[in-house]
Structures are given as structure tokens and as C-alpha cells.
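Undergrad: Everything below, folded, please.
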Amino acid sequence: MILKYIDDKSSEIKTLGKLLEKSNSIAQKKLIDTQLKKIVSGDEAEQENAYYLNFALENSKNVLLLHDIRLEHKGRTAQFDHILISRFGIELLETKSSKGTITINNDGSMIFKNGKYTNTYPNPIEQSKRHAAVLKEFISDSELLSKRIDILGGINISSKVLIHPKTTVTNNELPDGFERADSFLSNRNKEIDNTSILKAISWIGKAYDINKAKEIANLLIDAHKPLLFDYAKKFKVNNENIEINIKEVPVATNSIDENTKDKDTPIPCPRCKEGELIVRKVKSKTAQEKYNNDEFIGCSRYPKCKYTEDK
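TA: All right, here's what the predicted structure looks like:
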């Protein structure tokens, strides 16, 4: 079941395109164009990897799928490309893609080569483990799970790195923790089938029902804080008449509660111009910190339009 899709990058791409047209500096244009291509190619790779997950899990009743979550907790930040949540724990999936080649070193670091350019990046699994620690603490502090699970070491969280199917990898075999996006779920099912009895008992000891898994998923959706960039300021371009924003999170309809609507005073949505502003109820502690009241204003075309404001 898909509860959150990848954030819409169209507004961000449109903003950079306008800045590119407006700039009169060759050096400045080059920087903006590089940023634009990076966002476009990264979004394409993430969307393509997400396709394989969506295809397999869209109708699943036992695994919840969230894309593109950014979490801030106690001064630390964690970014997750894809999250699988089931009653046995959480799997964090990091997307990697390159039009050139990737070499994975023995220490897990990665070398990206594209023509004459070579870049080295640190071990993404170790980075994912650090992000997992933030996530684990966040869930523990929410007190959604029983103390029994905390006593047993907390919720199970594992990490994998998904390589785009079209990316060339020089390694003869992918190291542990690295998998092709198109074969990940098949390998995951085999891994579960081959799980030892002791490990299975450990999972069961920390298990909870699927409704609790949905609570965790919706907690993360509410806590998601997309990173907003002021590209006009970054590239020092006059931002007059240039819209600078990133559309908010598209969330699947099956994670949405019924909305209340003020039918007497319909107000057009200022973002999409098609929907009307309606009153929504705040459902979690995290959302309470986001808004001044226990209600907030949102667009009636949700999730196609995610405009929100304080009531």
C-alpha cells in the first residue's frame, strides 16, 4: 500500500528554468543549468526506482510504502528515499543512479565515473544507519509502540541501497546491502523465506499489528519537512516576478481522513485555482507543532493539490 509519493519537483524545476532565462551571466547560467540538470536527473532516477516498488506493493495489505521523507528531530536531520513499514519493522531504501559507471569499494564507498569526471562518495549504508538512529529515536519518543518493544531493543530497522537498473556497475557481484531496484523485492522475499528460527522469533517479539504500522507511517508523513531553497538568493539573481517554492507532499488517498468543509464561504485555492479551501483536523502531536490550532486550512483537491495554511 502506497501512503506517500515522491514530492513534486515541477515548481522547483520551473523556478530554476525562469532563473536560467533571466540570468545574463555565462558563469551564473552554467551553475543554474548544472543544478537544474541534477534535480531533473535525480528525480527521474528516483521515480524509476519507485516504479518497481509501486508495481509490487501498490495493492499490498501487509507492507506500507512511503517515498521521499525528510525528518528533523532534536537538531538532527534524516532524509529517506523510500521507506517500507510492516508489522515486523522498517526497511530504509537509498536510491543511487549514474549515467556513467559505479564502482563499490571494499569499505562501501562509491566511485562514480562519467566521461572525464570522477567523484567518490562515502558508504551510503553507514549514512543510512545514522539516519535510522534518528528515525528510531523519533518513533520511540512518539510513544506509539509499547515499552516491551523498547526493552527488546526497539523497532527493527534495516537499510539497503538500490542501484538503478540501467546504471553500469563494475563489480562482478554487488556487496551486501546493495541491490538492483528491479530485483530487490524478489531477493527480499527469498531472504525472509531463509530467515533463521532465532531471527524470526526476534522479529515476532517486536511485532505489532498493521494498524500500528499505519500510525507510524502517518506520523512520518505529518513530520515530513521538505527542504525549500531560495534559488534566486543562492545564485544571486533578481527574483522579481519569479515564483520560488516547492509543491508540498502528495499523499495517497488511502491515508487521508474525511475532511470537513465550510460550504457557506467557499474560497478558491490560491495555488491550483481549481479547488476550494476547507477546514482539516490536526491528527498528530507533530502536526500540532506545525499549526497554531487543532484545525488548519487545506485545498479540497487534496492530494492533487497540497496547499495548507494556519486557520
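
Undergrad: Look up the closest residue to residue 17, ignoring the ones flanking it.
TA: Distance criterion CB to CB, 6 or more residues apart in numbering; nearest residue to residue 17, sequence neighbours excluded, is residue 36 at 6.8 Å. For glycine as for every other residue, the C-beta is placed from the backbone atoms N, C-alpha and C.

Undergrad: Assign the one you found to helix, strand or coil.
TA: Here residue 36 is recorded as helix under DSSP: H, G, I helix; E, B strand; the rest coil.

Undergrad: change the start of the numbering to 12 and stick with it
TA: Right, with 12 as the first residue, what we last looked at is residue 47.

Undergrad: residues touching it, list them.
TA: 24, 27-28, 31 (CB atoms under 8 Å, 6 or more residues apart in numbering).

Undergrad: Buried ones among those residues?
TA: Buried by 16 or more other CB atoms under 10 Å: 27, 31, out of the contacts of residue 47.

Undergrad: which one among the contacts of residue 47 gets closest to residue 129?
TA: residue 27 (25.9 Å; CB to CB).

Undergrad: So what's the residue count around residue 61?
TA: Residue 61: 22 surrounding residues under other CB atoms under 10 Å.

Undergrad: for residue 245, same thing?
TA: Quick note: residue 245 (other CB under 10 Å) scores 12 neighbours.

Undergrad: Buried residues, stretch 13-26. List them.
TA: 13-20, 22-23, 26.

Undergrad: ok, which stretches of the stretch 12-161 of the chain are helices?
TA: For the stretch 12-161 of the chain, applying DSSP state H, counting those that start in this stretch gives helices covering 21-33, 37-68, 135-153, 158-162.

Undergrad: Kindly reformat those as CSV containing distance to residue 229 and mean pLDDT.
TA: Converted to CSV, the helices of the stretch 12-161 of the chain look like this (distance: least, CB to CB, whole Å; pLDDT from 0 to 100):
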stretch, distance to residue 229, mean pLDDT
helix 21-33, 25, 87
helix 37-68, 17, 84
helix 135-153, 11, 89
helix 158-162, 18, 53
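
Undergrad: Among these, which comes closest to residue 282?
TA: Closest among the helices of the stretch 12-161 of the chain, once you apply CB to CB, is helix 21-33, at 9.5 Å.

Undergrad: who does that closest one touch, helix- and strand-wise?
TA: Helix 21-33 is packed against helix 37-68, helix 242-245, with contacts defined by 3 or more CB pairs under 8 Å, 6 or more residues apart in numbering; DSSP states H and E.

Undergrad: Tell me the one among the buried residues of stretch 13-26 nearest to residue 42.
TA: For the buried residues of stretch 13-26, the nearest to residue 42 is residue 26 (14.4 Å; CB to CB).

Undergrad: I'd assumed residue 242 was in contact with the closest one.
TA: Yes. Taking contacts as CB atoms under 8 Å, residue 26 lies within contact range of residue 242: 5.8 Å.

Undergrad: Now do the contacts for the residue nearest the centre of the chain.
TA: Nearest to the geometric centre of the chain sits residue 79, at 1.1 Å (CA atoms, centre = their mean). Counting by CB under 8 Å, 6+ apart, residue 79 makes contact with 15-18, 57, 91-93, 235, 260.

Undergrad: One more pass at 10 Å, please.
TA: Neighbouring residues of residue 79 by CB atoms under 10 Å, 6 or more residues apart in numbering: 15-20, 54, 57, 61, 90-94, 106, 235, 237, 260-261.

Undergrad: Fine by me, thanks again.
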